[in-house]
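K.L.:
Build me a structure from this.
(one chain, ligands or ions: 2)
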Amino acid sequence: MRIDKAEVIVTSPDRNFVTLRLTTDDGLVGLGDATLNGRELAVVAYLKEHVAALLIGKDASRIEDMWQFLYRSAYWRRGPVTMAAIAAVDMALWDIKGKAAGMPVYQLLGGASRDGLMAYGHASGKTLPELFDSVREHQALGFKSIRIQTGVPGLRAIYGIASNTAGTSHQGVRYDHEPAQRGALPMQEDWDTRAYLRHIPGVFEAVRHEFGPELPLLHDAHHRMTPIQAAKLGKSLEPFDLFWLEDCTPAENQEALRLVRQHTTTPLAIGEIFNTVWDYHTIIREQLIDYVRSAVTHTGGITHLKKVLDYAAIYQVKSGMHGPTDVSPVGMAAAMHLGLSIHNFGIQEYMQHGVKTNQVFHQSFTWNEGYLHPGDQPGLGVTLDVDEAGKYPYEQAYLPFNRLADGTVHDW
Ligand code: CS2
Ligand code: MG
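P.N.:
Ligands and ions are numbered 1, 2, ... in the order given. You can find the predicted model right below:
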């Protein structure tokens, strides 16, 4: 079972996706997601120019050895581009191993620890009535847990709130499938942390009043606060019993979470921009977070994220894997197999892909009353229709950024 072919496929059905496709000499095909939102072509070049040739002729069954070889032999460790490239190879090899064994990947990881994966959807609205409609729309689709993002009076545009030009998912949910907007330059948004801090508690109070105490509610702060501001927000949200507050401070300063933690019992989730266990070392060991947000795609694949989550399990920290539309159907499948098998699964983010994306990527997962399941096809359970993918060439796209009223670039 030697690797015969390594192809990098770039397609842009509802948004840009990068997929690695490995073929073995005995005809098995494995897929890996290498999509790095807004910096896609850097990973394409890394894979095509520096990795593909190293794979040819190698034993496709040696997943751990391949991971260690790609990580250590490069000398330059970690970082989103490197780790997304390694993740794609890793996922494709797990896909191949599953097909060779005739088993879904979750069986190779130890089998199912649960029947399905509770998933949360993204409700958003500029105003409360819009937000309530969006929550109801998600409940009608079966979602049992919901992320709440809201407009803030005085601010023009806020990331995570579906715009008027948003597309719809295959189930008709209104989403910005590509918040990384297509165009030659990134969109500029505005930001005011004090206005945000004044507004958010009232929104959660209204949502609790409307939807009752049971519905798990989540919120994403996109790294915009200082530790003391985050502590204040966590404290002010305590009466509304959040499932989690996500990315409350800029993620690279792990120590910042100590201060937040001292002041609030609101559960904290962090890590969608982390790449290795080293980014989590302090915050897991000191129990400064409750949920690990990494995607399989951005954290070196199933092999490495499983190690992060096993480490987290010792400290009662659970998974909350990233699942926006920029994680491709292949990356989502990998998350579902891993989530089904580990003991410390927490919740899975599930932002549904668009109709065109689902025509390019044929998927085996099921969605049943708020729960995902990866399905029982051998491997990851995703196939890529190359002809369909060819209809959608890459288009430059950037995530938006924000500036304060005086023009200062702010964290996000
Ligand atoms: C968000 C994402 O899903 C989330 O929690 O933070 O929309 C994130 O901003 C994008 O995936 C960035 O690529
Ligand atoms: Mg997030």
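
K.L.:
rest of the way, CA atoms for contacts and neighbours
P.N.:
OK.

K.L.:
Which positions in the stretch 251-400 of the chain make contact with ligand 1?
P.N.:
By the rule CA under 6 Å from any ligand atom, the part of the stretch 251-400 of the chain lying against ligand 1 is His322, Pro324, Asp326.

K.L.:
closest point of the stretch 51-200 of the chain to ligand 1, which residue?
P.N.:
Distances between the stretch 51-200 of the chain and ligand 1 by CA to the nearest ligand atom are smallest at Gly160, namely 6.4 Å.

K.L.:
Show the pLDDT at that residue.
P.N.:
pLDDT for Gly160: 76.

K.L.:
And for Thr168?
P.N.:
pLDDT, Thr168: 67.

K.L.:
Same check on Arg156?
P.N.:
For Arg156, the model assigns a pLDDT of 85.

K.L.:
gap between it and Leu218?
P.N.:
23 Å (CA to CA, to the nearest Å).

K.L.:
which of these two has more neighbours?
P.N.:
Higher neighbour count among Arg156 and Leu218: Leu218, with 24 against 11, using other CA atoms under 10 Å.

K.L.:
so is that one in a helix, a strand, or just coil?
P.N.:
Here Leu218 is recorded as strand under DSSP: H, G, I helix; E, B strand; the rest coil.

K.L.:
Any idea what it is bridged to?
P.N.:
Bridge pairing for Leu218 (DSSP bridges) gives the partners Arg147, Trp244.

K.L.:
That one is in contact with Asp247, isn't it?
P.N.:
No: in this structure, Leu218 is not within contact of Asp247 by CA atoms under 8 Å, at 11.4 Å.

K.L.:
just to revisit the earlier point, burial measure for the residue of the stretch 51-200 of the chain closest to ligand 1, as a count.
P.N.:
There are 20 residues near Gly160, going by other CA under 10 Å.

K.L.:
for His263, same thing?
P.N.:
Residues lying near His263 (other CA under 10 Å) number 15.

K.L.:
Also Val44?
P.N.:
Val44 sits with 25 neighbouring residues when counted by other CA under 10 Å.

K.L.:
measure it to Thr82 for me?
P.N.:
In terms of CA to CA, Val44 sits 11 Å off from Thr82.

K.L.:
Also Thr282?
P.N.:
Going from Thr282 to Thr82 by CA to CA gives 22 Å.

K.L.:
Compare these two (neighbour count), which wins?
P.N.:
Thr82 (23 against 17).

K.L.:
Cross-check the contact I'm expecting between that one and Ala45.
P.N.:
No: under the criterion of CA under 8 Å, Thr82 is not in contact with Ala45, lying 10.7 Å apart.

K.L.:
Going along the chain, name the strands of the stretch 151-300 of the chain.
P.N.:
Listed in chain order, the strands of the stretch 151-300 of the chain (DSSP state E, counting those that start in this stretch) span 167-168, 174-175, 181-182, 188-190, 217-220, 244-246, 268-270, 291-292.

K.L.:
ok now the fifth one, how far from the chain's centre?
P.N.:
The chain centre lies 14 Å from the centre of strand 217-220; the measure is CA atoms, centre = their mean, to the nearest Å.

K.L.:
per-residue confidence averaged over it?
P.N.:
Rounded mean pLDDT across strand 217-220 is 98.

K.L.:
Output that strand as CSV, restricted to C-alpha atoms.
P.N.:
Output of strand 217-220 as CSV, limited to C-alpha atoms (Å, rounded to 0.1, in the frame of the first residue of the first chain):
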residue,chain,number,x,y,z
LEU,A,217,-26.6,29.0,24.5
LEU,A,218,-23.1,29.9,23.3
HIS,A,219,-21.4,33.1,22.3
ASP,A,220,-18.2,34.0,20.4
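
K.L.:
Which stretches in the stretch 201-350 of the chain count as helices?
P.N.:
Using DSSP state H, counting those that start in this stretch, the helices of the stretch 201-350 of the chain run over 227-237, 256-263, 281-285, 301-314, 329-341.

K.L.:
so which of those helices is the most packed in?
P.N.:
Among the helices of the stretch 201-350 of the chain, helix 329-341 has the highest mean neighbour count (mean count of other CA atoms under 10 Å), at a mean of 28.

K.L.:
Packing partners of that one?
P.N.:
Under the contact criterion of 3 or more CA pairs under 8 Å, 6 or more residues apart in numbering; DSSP states H and E, helix 329-341 touches strand 29-33, helix 105-108, strand 117-125, helix 301-314, strand 361-363, strand 371-373, strand 382-384.

K.L.:
quick revisit: need the helices of the stretch 201-350 of the chain in CSV with mean pLDDT, can you?
P.N.:
Below are the helices of the stretch 201-350 of the chain laid out as CSV (pLDDT from 0 to 100):
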stretch, mean pLDDT
helix 227-237, 98
helix 256-263, 96
helix 281-285, 96
helix 301-314, 98
helix 329-341, 98
